[in-house]
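A.B. asks: predicted structure and sequence below. I'll ask about it afterward.
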Amino acid sequence: MREIGRRARAAARTLALASPETKRAALKAAAQKIRDHAADILKANAEDVRAAKAAGMSGSMLDRLTLDEKRLAATANGLAEIAELADPVGTVTESWTRPNGLMLERVRTPLGVVGVIYESRPNVTADAGGLCLKAGNAVILRGGSDSFHSSRAIHAAMVEGLVSAGLPADAVQLVPTRDRAAVGEMLAGLDGNIDVIVPRGGKSLVARVQTEARVPVFAHLEGIVHIYVDHTAELAKALDIVRNAKLRRTSVCGAAETLLVERDARDSHLKPLVAMLLDAGCEVRGDEATQALDPRVKPANAEDWDTEYLDAVISARLVEGLDAAIDHIETHGSHHTDAILTEDEAAAARFLSEVDSAIVVHNASTQFADGGEFGFGGEIGIATGRMHARGPVGAEQLTSFKYRVHGTGQTRP
């Protein structure tokens with residue numbers, strides 16, 4: 001592991017100086033190699049899926065693990081999209097001149113070496129590797145044991161493409177062992193060779209990383225995502241949005257977990273929303289007012305308001321109005337993504353201003369909480385902290401900055 005760290009640091013020095021054209025060509029080549037080796041990658045994924053099923057993996061986790069031709073094509077296309085993004089490295093974000101004639105610039109620079117620890121989703125191998133490289137960073141990937149064969153196949157294809165374009169193979173390294181001790185080594189920083197850690201996975205993984213890491217962490221612990229519907233919301237629009245936010249993919253971190261409806265909209269909105277969810281096969285756990293609307297609603301307990309289900313389950317309750325909705329979100333939310341459905345622009349403005357989440361949404365599905373949907377070409381995670389990166393972590397968020405000072409002989413008195 002320490003040798004992997006040393007090789008990553010050496011590769012990071014090369015990447016920091018790589019031209020935008022070289023990185024673009026390398027990422028496009030990596031995308032093409034994934035397409036060329038699609039059969040091998042899908043075969044490796046089938047092996048992982050068989051083992052996961054035999055081990056009793058849940059349906060939602062199997063969905064994260066499984067690749068098919070469409071998903072693998074999307075993975076390759078995502079790399080190609082990252083290739084075409086504007087290169088963030090070297091961008092001057094601000095410049096100014098001091099009274100003494102000194103000219104200063106703030107310029108984006110790579111972070112250095114990024115460690116990514118993830119579970120189940122083999123596509124993260126390509127997403128994380130591509131975004132880190134675009135930002136001039138070397139990356140050390142530690143995929144989950146469940147996706148071991150899939151990740152190795154994707155990684156091998158990527159590296160073949162990078163090397164063909166003249167970049168070092170060590171630019172994107174995959175930890176070649178399932179031994180959990182490797183995670184501990186990464187959290188310790190590999191002798192100072194890892195600059196930031198990004199965990200992608202379940203609550204236990206993220207909690208361990210946040211507790212044990214000796215380097216900065218970009219992460220979110222949970223995605224307890226809320227949708228608040230007020231009495232002015234257009235019902236047809238609300239039905240479409242809530243269905244999509246909850247059921248499009250229940251295993252993603254942007255999936256809605258709690259539905260809040262204004263009390264004045266109990267019959268006009270909550271009742272049809274609950275019926276729609278139940279009819280679509282979603283379990284609804286509600287407060288007493290929600291239970292009274294449909295006998296199929298199960299009673300919610302105190303834990304439901306603090307639960308990320310990642311399944312076809314949602315909690316629902318009536319609230320007195322916008323203030324109560326915001327209070328509920330601030331009390332029970334995880335500062336990930338929260339939405340308001342309303343035609344009242346003042347209410348929307350208040351919600352977007354006062355809800356302290358990384359992503360706040362008006363009249364759209366919470367499943368847009370995704371770097372690809374933001375135009376970042378992908379993401380290596382959603383950050384809910386308040387330092388450096390927040391929301392989808394794309395190439396730009398994987399840079400730091402330095403100051404360039406230009407003088408004409410000035411000395412300080």
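C.D. replies: Good, I have the coordinates. Numbering: from 1, shown residues only.

A.B. asks: can you give the distance of the helix or strand of the chain with the lowest mean pLDDT from its chain's centre?
C.D. replies: For the chain, counting by mean pLDDT, DSSP states H and E, helix 59-65 ranks last in confidence among helices and strands (a mean of 86). Put simply, helix 59-65 sits 17 Å off its chain's centre (Cα atoms, centre = their mean, to the nearest Å).

A.B. asks: name the helices or strands packed onto it?
C.D. replies: With contacts taken as 3 or more Cβ pairs under 8 Å, 6 or more residues apart in numbering; DSSP states H and E, helix 59-65 sits against helix 38-54. (Each C-beta comes from the backbone N, C-alpha and C, glycine too.)

A.B. asks: which residues touch the helix it packs on?
C.D. replies: The set of residues external to helix 38-54 that reach it, using Cβ atoms under 8 Å, 6 or more residues apart in numbering, is 34, 61-62, 65-69, 72-73, 122, 146-150, 152-154, 157.

A.B. asks: can you rerun that using 6 Å?
C.D. replies: For helix 38-54, the external contacting residues (Cβ atoms under 6 Å, 6 or more residues apart in numbering) are 65-67, 72, 146-147, 149-150, 153-154.

A.B. asks: now stretch 279-289
C.D. replies: By Cβ under 6 Å, 6+ apart, stretch 279-289 touches 247, 274, 277-278, 297-298, 300, 304, 312-318.

A.B. asks: count of neighbours near R248?
C.D. replies: Using other Cβ atoms under 10 Å, R248 is surrounded by 14 other residues.

A.B. asks: no no, A55
C.D. replies: By the measure other Cβ under 10 Å, the count of residues near A55 is 9.

A.B. asks: pretty sure T258 is in a strand, no?
C.D. replies: Yes: looking at T258 with DSSP: H, G, I helix; E, B strand; the rest coil, it is inside a strand.

A.B. asks: how far away is it from A289?
C.D. replies: 15 Å (Cβ to Cβ, to the nearest Å).

A.B. asks: the two: which is more packed in?
C.D. replies: Between T258 and A289, T258 has the larger neighbour count (other Cβ under 10 Å), namely 27 against 15.

A.B. asks: list the beta-bridge partners for the more buried one.
C.D. replies: Judged by DSSP bridges, the bridge partners of T258 are H226, S315.

A.B. asks: that one contacts S315, doesn't it?
C.D. replies: Yes: between T258 and S315 a contact is recorded at 4.8 Å, counting by Cβ atoms under 6 Å.

A.B. asks: among the contacts of helix 38-54, which one lies nearest to P413?
C.D. replies: I154 (58.6 Å; Cβ to Cβ).

A.B. asks: picking that back up, closest one of the contacts of stretch 279-289 to R214?
C.D. replies: For the contacts of stretch 279-289, the residue nearest R214 by Cβ to Cβ is D304; the value is 35.6 Å.

A.B. asks: surely that closest one meets V313?
C.D. replies: No: using Cβ under 6 Å, D304 makes no contact with V313, being 8.7 Å away.

A.B. asks: more crowded one of those two?
C.D. replies: Using other Cβ under 10 Å as the criterion, D304 and V313 rank with D304 on top: 21 against 17.

A.B. asks: got the confidence number for E379?
C.D. replies: pLDDT for E379: 82.

A.B. asks: element containing it?
C.D. replies: Here E379 sits in a region with no helix or strand, counting by DSSP states H and E.

A.B. asks: just how off-centre is stretch 30-39 within its chain?
C.D. replies: Centre-to-centre, stretch 30-39 and its host chain are 24 Å apart (Cα atoms, centre = their mean).

A.B. asks: buried set for that stretch?
C.D. replies: With burial defined by 16 or more other Cβ atoms under 10 Å, the residues of stretch 30-39 counted as buried are 30-35, 37-38.

A.B. asks: out of those, who's nearest G407?
C.D. replies: Checking the buried residues of stretch 30-39 against G407 with Cβ to Cβ, the nearest one is A30 at 41.8 Å.

A.B. asks: that closest one contacts E160, correct?
C.D. replies: No: in terms of Cβ under 6 Å, A30 does not count as a neighbour of E160; the distance is 7.8 Å.

A.B. asks: please enumerate the helices of the stretch 101-250 of the chain.
C.D. replies: 124-134, 148-164, 181-187, 203-212, 235-247 (DSSP state H, counting those that start in this stretch).

A.B. asks: now the first one: mean pLDDT?
C.D. replies: What that stands for is helix 124-134. In this model, helix 124-134 has a mean pLDDT of 94.

A.B. asks: find the nearest non-adjacent residue to A256, please.
C.D. replies: Closest residue in space to A256, ignoring its immediate chain neighbours: A245 at 3.9 Å, by Cβ to Cβ, 6 or more residues apart in numbering.

A.B. asks: and the one you found, what does it touch?
C.D. replies: 227, 256, 365-367.
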